[in-house]
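J.: Compute the structure for the input listed below.
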Amino acid sequence: MLPVRVGKRGKGYFPEARIVRGPRVMGETADNSFQALLGYAWMGVLDRAQRRFRLFQARKTALGSEPWPIGSPDEAEWVEVEAPPLPHPVEEIRHLALCFDQAARHVVAYERDEEIWIRQWDPLRGGYTMRGPFPGRDPVLIWDFEVGYFLPDSDVLLLHLSPDRTRVIMRVQRELYATPHVHQTLPSPGYLDQAVALPYQGEVLGSLEGDPDTTGLVLRTDPYPVRGEDPLAPTVFSPPNQWALIPVVVVRDVGEDGVAAPLSPPVEWAYIPIVLVRDLGTDTLSPGLSPPSAWTYTPVVIVRDLGQDQASVGASPPLSWSYQLVVVAVRLDQPPYTNTGYENLGGGAMSPPTAWSYGP
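T.: Sure, this is the predicted structure:
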């Protein structure tokens with residue numbers, strides 16, 4: 001049994017334990033795959049009895065030195081892994097936060113006297129370093145490689161409340177956590193509990209002061225892009241039978257290959273929203289946005305860097321209701337659209353709904 005306690009949300013010196021995804025071996029990135037970097041279970045604990053921070057990894061019970069892959073049918077047990085001590089006494093620390101980063105090293109944050117401290121691996125020093133303090137309460141951490149599945153652009157996100165608990169603030173590792181970005185203003189003071197990785201979206205859970213024992217605070221990041229690689233085979237987004245695709249974001253650098261990427265509609269309800277961003281390189285693109293049989297596109301935004309070639313674009317109408325907003329942006333500062341005054345942009349058509357309207 002690990003010496004941790006349970007307390008009400010936002011009260012006392014809790015939470016004292018965090019279970020997160022992490023690497024197979026601390027400090028070893030292996031092939032930089034999702035499995036190698038985030039395929040194993042780790043736990044950080046504020047041990048009140050031993051008065052120190054402790055780090056554990058789940059390992060196979062039959063083979064105590066073999067890390068336990070998440071989802072494995074084998075039995076597992078927690079095995080302690082050496083971690084340097086924190087610079088502050090455990091009894092002064094509250095609200096432990098934990099995740100891992102691109103170096104396959106753990107990142108730990110906590111609150112002390114309404115200030116946030118965070119420890120990260122410094123590759124220049126070859127050791128851990130402290131960042132902060134920053135004014136704030138209730139830190140939570142998430143490495144967004146677990147959210148967006150794209151390692152080069154990934155970063156560790158630190159989210160915490162302002163000292164008065166009315167604003168959610170985000171800081172990022174690539175800025176050394178120094179710049180506070182206000183993510184949300186709350187209707188009343190609140191508490192943060194945890195950050196959760198959803199497919200292509202991060203989620204922060206907590207509660208509001210008026211009902212601290214209910215998860216009444218749910219915040220989500222903007223959707224992360226779904227990325228395709230060259231060459232890209234035909235891609236289809238199949239719809240639910242009803243309700244909505246909420247939201248769809250597609251980013252593709254097509255290079256010198258063509259792509260056909262239809263987005264099939266729900267039978268009813270809406271696309272809310274769809275964003276398509278494509279750098280076409282030097283080849284053509286033929287996408288299609290099929291409409292729902294009812295309700296709306298709300299909104300559809302299509303951005304294309306056409307490079308030196310044309311694109312054929314079709315946005316078919318709903319059978320009823322409207323396009324609430326359709327934005328098509330085309331870059332015309334590259335040949336053959338430059339220095340000629342009046343160039344023909346090929347053929348493009350926006351078909352009308354059979355009823356109702358384009359709304360603007």
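J.: shaky segments in the stretch 151-300 of the chain?
T.: 228-300 (pLDDT under 70).
J.: which residues of it fall in strands?
T.: 156-161, 167-172, 181-185, 190-198, 201-208, 217-220, 226-228, 248-253, 274-279, 288-289, 300-305 (DSSP state E, counting those that start in this stretch).
J.: Can you give me the distance of residue 76 to residue 43?
T.: Separation of residue 76 from residue 43 (C-beta to C-beta, to the nearest Å) stands at 11 Å. Placement of C-beta: from N, CA and C, glycine included.
J.: Give the residues shared as contacts by the two.
T.: Counting by C-beta atoms under 8 Å, 6 or more residues apart in numbering, the contacts common to residue 76 and residue 43 are residue 58.
J.: In space, what's closest to residue 39 - neighbours in sequence excluded?
T.: residue 69 (5.4 Å; C-beta to C-beta, 6 or more residues apart in numbering).
J.: per-residue confidence at that neighbour?
T.: Residue 69 is assigned 96 on the pLDDT scale.
J.: For stretch 208-216, list every residue counted as buried.
T.: For stretch 208-216, a neighbour-count test (16 or more other C-beta atoms under 10 Å) marks 208, 216 as buried.
J.: and if you look at stretch 49-58?
T.: For stretch 49-58, burial by neighbour count (16+ other C-beta under 10 Å) applies to 53-58.
J.: quick one: contacts of that stretch?
T.: Taking C-beta under 8 Å, 6+ apart as the rule, stretch 49-58 contacts 2-3, 22, 40-47, 67-68, 76-83, 85-86, 89-91, 96, 106, 108.
J.: for stretch 181-196, same thing?
T.: Residues outside stretch 181-196 that contact it (C-beta under 8 Å, 6+ apart): 9-10, 15, 137-142, 157, 159-161, 164-172, 202-210, 212, 215, 217, 219.
J.: start to end distance for it?
T.: End-to-end distance of stretch 181-196 (C-alpha to C-alpha, to the nearest Å): 19 Å.
J.: For that stretch, which residues meet the burial criterion?
T.: Applying 16+ other C-beta under 10 Å to stretch 181-196 flags 184, 186, 190-196 as buried.
J.: could those residues be laid out in CSV, adding distance to residue 113?
T.: Putting these into CSV (distance: C-beta to C-beta, whole Å) gives the following:
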residue, distance to residue 113
184, 24
186, 22
190, 20
191, 17
192, 17
193, 21
194, 22
195, 23
196, 28
